[in-house]
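Undergrad: Output the structure for:
(2 chains)
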Amino acid sequence: MLWVLTRTEEILIEYIKKNQKKLYKVAYSYANDEEAALDIMQEAITKSLENISQIKNENYITTWFYRILINEGLQYIRKNKRIIECPLTENERDFSLDVENRIEYLDAYSVIQNLKPKVRTIIILRYFENMKIDEIAKILKVNTNTVKSRLYKGLQELKECFERREKNE
Amino acid sequence: MNKLQKAKKAYESINIPKNLNQVIENACARNRYKKENKKYVPAFVGTLAATFAVFVALINVNPSFSRAVENIPILGEVAKIFTFTEYHEESDTNLIDVRIPAIANTGNSDLENRINYEIRAKMNEIIEEAKQRAKEYQKAVLETGGSLEDYHPIVINMDYEIKYSDNKIISFVITKSETLASAYTEQYFYNIDIQNGKELNLRDVLGENFKQLADEQITKQIEERKKNSDNSFFDEEMGGFSGIKNEYQDFYIDKQGNVVIVYPKYTIAPGYMGIQEFSIAHFI
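TA: Alright, predicted model coming up:
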C-alpha cells in the first residue's frame, strides 16, 4: 500500500526534523525531564499530523505546531504539578555547562522555571527563542497587548526574584 | 551578563537526547501507518483479493511467521462462534504475544473465511510493522553507541475481547500495544452481522439519525466529564470533538446491547485522559 505525503504534511515533517533541537528545548522547559520531554514531542507530532487537514494556509504550519507543542507542555505541567515543583536539583546533568558557571546559570534558569507556566512560556519564546511579540500572540491566540502585559508582568516578577536571591546570597 | 542572559545560556545548554531523532521519526511514521489503516477499514469487502495476496506473501517472505497455529475453542456461550490463533515469539529485538480471534460454526463458511482472512491479514501486517519499528529502534540504539545490553526488547502484544455476541451479531475489539518511547495502544473494532455477512456501521445500528444522536450524546457526556477538574478535552480548534465524521467511526456493542463510540487516546483529549468511550443508545 503506497502512501503519499500531502504537501502540508511534508512541510510540517520537514520543519519538525530541521528544528528538532530547538523544539525539544521548548518541550524540556515544561518537563524538566528528558523522557517526559520526549513524550511531549511525540504527542505533539502525533496530534499535529492527525489534525493536519485543518491547516488551510501553509504559512501557518509552524505557528500551529508551536501551539500544539506548548499546549502539550502546559498539559503536562497541569498533570504533574507535584512532581516538577522543585526542578533542577536532580537533572543538572541534562545541561552541559562549564563547571565554573554551572551553579550561577542554573540558578538563574530555575528562577524562570518558578514563574507561572503561562508567563514563563512568553519569557521563553520572547527571550530564549527570540520571537517577536506578534508571533507569540499568534501562537498563543491572544492579542498583542495581552502578550505585552504578561511579558511585562513576568519581567517585573523576575526582577524581584533575582533581587531577592541576591540579598540572600 | 545579566541574570536573564545567564538563564538563557542554561536553556541553550539543555542536552539533546541521543534518541530524539529516532523518537521523531517514529512519531511521523506511526501516523502514516495509522492513516493507512483508516483507509483500509471501510473497504472491507472489496479488498479481499488484495488482503489475501498480502497474507500469502507474508507467509512466503517470512517463514518464521507461519508458525504452529492452535485452535482452542473458548468455553461457554461464545464457543459456537469464536476460536483464536495464538502464538509467542521471542528474539533479541522483540517479544511478541499474540491472540487473534477467528469466527467459526456460524453456518456460513464463506463468510467465516472472508472475515477470518481479513482479520488475519490485517493483524499480520500490523505485527510486521511493529517488528520493523522494533528493528529500526534497535539499530538506532546500536548506532548511537548503545550496546545490546542497553536495549530492552520491544514488547508487542495483541489480544482481543468479545464485547457482544448472539446468533445474529458479534462485536469484538482487537487491541495491539507495543512499548517503545512510551506504551502505545491501538484498537480495531469489528461488528459483524452474521446473518447477512456484512460489517455493521453506525447507520446500521443507530438508524438514519445516527449522526445527530451520536453528536448529542457525546457532547453531553464530554460536558459531564469536564465537570471534574482533573479531566480536560481539546477545544474544537485544537482538534477536539466537533461531531462524528461519518458512519464508519469506531464503535462496539456492549453486553447490554448499547452502541459505544470510541475515541482513541490523543484524538479529542490530551494523552493522559486515555481512550474515551461514549455509550450512545441501544442498537436497533
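
Undergrad: ok, residue B:15 to residue B:118 distance?
TA: Per Cβ to Cβ, to the nearest Å, residue B:15 is found 47 Å from residue B:118. (C-beta placed from N, C-alpha, C; glycine too.)

Undergrad: Flag the shaky bits of chain A, pLDDT-wise.
TA: Applying pLDDT under 70 to chain A flags the ranges A:1-5, A:81-90, A:169.

Undergrad: So which residues of it form strands?
TA: For chain A, no strands are identified by DSSP state E.

Undergrad: Show me the domain layout of it.
TA: A:7-85, A:87-169 (automatic domain parsing).

Undergrad: what about the shortest one, near chain B?
TA: Yes. With Cβ under 8 Å from any Cβ of the partner chain as the measure, domain A:7-85 is seen reaching chain B through A:13, A:16-17, A:20-21, A:24-25, A:28-29, A:34, A:37-39, A:41-43, A:45-47, A:49-51, A:54, A:67-68, A:71-72, A:75, A:78-79.

Undergrad: Would you map the helices across the stretch 101-250 of chain B?
TA: Here the stretch 101-250 of chain B has its helices, by DSSP state H, counting those that start in this stretch, at B:109-143, B:202-206, B:210-226.

Undergrad: no, scratch that, I was asking about chain A
TA: Along chain A, counting by DSSP state H, helices occupy A:7-18, A:20-31, A:34-50, A:61-79, A:99-113, A:117-123, A:133-140, A:144-168.

Undergrad: which residues are in contact with the shortest one?
TA: For helix A:117-123, the surrounding residues in contact (Cβ atoms under 8 Å, 6 or more residues apart in numbering or on different chains) are A:29-30, A:70, A:73-74, A:77, A:112-113, A:115, A:136, A:140, A:147, A:150-151, A:153-155, A:157-158.

Undergrad: Out of the helices of the stretch 101-250 of chain B, which gets nearest to residue B:94?
TA: Closest to residue B:94 of the helices of the stretch 101-250 of chain B is helix B:109-143 (Cβ to Cβ; 4.3 Å).

Undergrad: any idea of the mean pLDDT for the closest one?
TA: The pLDDT scores in helix B:109-143 average 81.

Undergrad: Which strands or helices does it pack on?
TA: helix B:20-40, helix B:48-61, strand B:94-103, strand B:154-165, strand B:169-179, strand B:183-193 (3 or more Cβ pairs under 8 Å, 6 or more residues apart in numbering or on different chains; DSSP states H and E).

Undergrad: what's the closest of the domains of chain A to residue B:111?
TA: Across these, residue B:111 has its closest neighbour in domain A:7-85 (33.4 Å, Cβ to Cβ).

Undergrad: looking at the helices and strands packed on helix B:109-143, which has the lowest confidence?
TA: Per-stretch mean pLDDT for those is lowest at helix B:48-61 (a mean of 38).

Undergrad: ok, then the element right after that helix?
TA: strand B:82-90 (DSSP states H and E).

Undergrad: Tell me the strands beside that next one, with direction?
TA: Next to strand B:82-90 in the sheet, as set by DSSP bridges, lie strand B:94-103 (antiparallel).

Undergrad: related to what we said a few turns ago, will you turn the helices of the stretch 101-250 of chain B into CSV that also has mean neighbour count?
TA: Listed next are the helices of the stretch 101-250 of chain B as CSV, based on neighbours: other Cβ atoms under 10 Å in any protein chain shown:
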stretch, mean neighbour count
helix B:109-143, 18
helix B:202-206, 20
helix B:210-226, 16
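
Undergrad: Next, format those as TSV and append distance to residue A:102.
TA: Putting the helices of the stretch 101-250 of chain B into TSV (distance: least, Cβ to Cβ, whole Å) gives the following:
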stretch	distance to residue A:102
helix B:109-143	29
helix B:202-206	59
helix B:210-226	44
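
Undergrad: Mind listing what's buried along stretch A:150-159?
TA: Going by neighbour count (16 or more other Cβ atoms under 10 Å in any protein chain shown), the buried part of stretch A:150-159 is A:150-151, A:154-155, A:157-158.

Undergrad: and it, is it in reach of chain B?
TA: Yes. Counting by Cβ under 8 Å from any Cβ, contacts between stretch A:150-159 and chain B involve residue A:158.

Undergrad: returning to that earlier point: determine which of the helices of chain A approaches residue B:173 most closely.
TA: With Cβ to Cβ as the measure, helix A:34-50 is the member of the helices of chain A nearest residue B:173 (20.3 Å).

Undergrad: hmm, who's touching the closest one?
TA: With contact meaning Cβ under 8 Å, 6+ apart, helix A:34-50 is reached by A:9, A:12-13, A:16, A:20, A:23-24, A:27-28, A:30-31, A:64-65, A:68-69, A:72-73, A:76, A:80, A:91, A:94, B:15, B:17, B:19-20, B:23-24, B:26-28, B:30-31, B:34, B:181-182, B:239, B:266-267, B:270-271.

Undergrad: Residue B:7 contacts residue A:109, doesn't it?
TA: Yes. Between residue B:7 and residue A:109 there is a contact under Cβ atoms under 8 Å: 4.3 Å.

Undergrad: For residue B:274, grab the count of nearby residues.
TA: Residues near residue B:274, counting by other Cβ atoms under 10 Å in any protein chain shown, number 13.

Undergrad: Excluding sequence neighbours, find me the nearest residue to the residue nearest the centre of chain A.
TA: Among the residues of chain A, the one closest to the centroid is residue A:26, at 3.1 Å (Cα atoms, centre = their mean). Closest residue in space to residue A:26, ignoring its immediate chain neighbours: residue A:69 at 6.1 Å, by Cβ to Cβ, 6 or more residues apart in numbering or on different chains.

Undergrad: Same check on residue A:151?
TA: residue A:122 (5.2 Å).

Undergrad: Tell me if I'm right that residue A:69 and residue A:23 touch.
TA: Yes. Using Cβ under 8 Å, residue A:69 is in contact with residue A:23, at 6.3 Å.

Undergrad: May I have the distance across stretch B:202-220, first residue to last?
TA: 19 Å (Cα to Cα, to the nearest Å).

Undergrad: Give me the mean pLDDT for it.
TA: 94.

Undergrad: Figure out how far it is from the centre of its chain.
TA: Centre-to-centre, stretch B:202-220 and its host chain are 22 Å apart (Cα atoms, centre = their mean, to the nearest Å).

Undergrad: a helix runs through residue B:280, doesn't it?
TA: No. Going by DSSP: H, G, I helix; E, B strand; the rest coil, the assignment for residue B:280 is strand, not a helix.

Undergrad: Relative to residue B:109, how far out is it?
TA: Taking Cβ to Cβ as the measure, residue B:280 falls 33 Å from residue B:109.
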